[in-house]
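Visitor: pasting the sequence and the predicted coordinates here, then a few questions.
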Amino acid sequence: MTKNIKILLVDDHKILRDGIKAILSDYNDIEMVGECEDGDDVLNFLEKQDVDVILMDIKMKRLNGIDATRLVTARYPNVKIIALSTFNEEIYLTKMLKQGASGYILKNTGEDELIRAIKCVNDGDNYFSEEVTAVMMAKYLKKERIGKSARMAHIEKLTKREKEILKLIIEELTNNRIAEKLFISPRTVDTHRRNLLQKIGVKNTAGLVRFAYENKIFEEDWT
């Protein structure tokens, strides 16, 4: 027999708690075992009652959802937390995920998505509403743009000869082999290598190679 998913609902607005309770009461495999008004109540409740999933509001009068999530995940690592919020802003999403939340849905979500989120998180997966996913993608794309700009800034610092030498370093050629290939002295190659370390901001050859691979520089045409 399948075990019911035990839900703890945390929100400081009774009308919202009543609405969610009414929704969950229609599902035989989901059991709402309690409700709390703030994070302090959550910690007291968990000392007495087993819970599988917490629907956690973020802004509450005493201990807020972000701090409560941090404390719950530290003390009860098996309890899954879904942020239940009116905010789809990056700052709240980032803070809740950093503190250990497994999901993030908005309070205007529909019944089907609420149930889907509960079951998904209970099974060990993460769940984010469509609006929240859009925020996460925007953050990712912004990070990619910033990363690309930083990468281009590093590349623009390099001379044509330094770019040629970095390519050959990535191919694991020694200073002597690079010197032969470019018709320059090994000492000149060593000077260029030191300049590369300084401009890119790494300590050794491994750092040069790692930087090139992590930033996909080796895939670009520098000529």
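Guide: In hand now; what should we look at?
Visitor: do a quick rundown of the helices in this protein.
Guide: 14-24, 39-46, 65-75, 90-98, 111-122, 130-157, 160-170, 175-182, 186-200, 205-214 (DSSP state H).
Visitor: looking at those helices, which is closest to Asp52?
Guide: helix 111-122 (5.5 Å; C-beta to C-beta). Glycine gets a C-beta too; all of them are placed from N, C-alpha and C.
Visitor: ok now the closest one, how far from the chain's centre?
Guide: With C-alpha atoms, centre = their mean, to the nearest Å as the basis, helix 111-122 stands 20 Å off its chain's centre.
Visitor: show me the contact partners of it.
Guide: Residues from elsewhere that reach helix 111-122 (C-beta atoms under 8 Å, 6 or more residues apart in numbering): 5, 7, 20, 23, 27, 30, 52-53, 55, 80-82, 102-103, 105, 109, 126-127, 129.
Visitor: before we move on, back to that, which of the helices of the chain comes out lowest on mean pLDDT?
Guide: Among those, helix 130-157 carries the lowest mean pLDDT, a mean of 62.
Visitor: filter the contacts of helix 111-122 down to the buried ones.
Guide: Using 16 or more other C-beta atoms under 10 Å as the burial test, the contacts of helix 111-122 include 5, 7, 20, 27, 30, 52-53, 55, 80-82, 102-103, 105, 109, 127, 129 as buried.
Visitor: per-domain residue ranges of the chain.
Guide: 5-136, 158-219 (automatic domain parsing).
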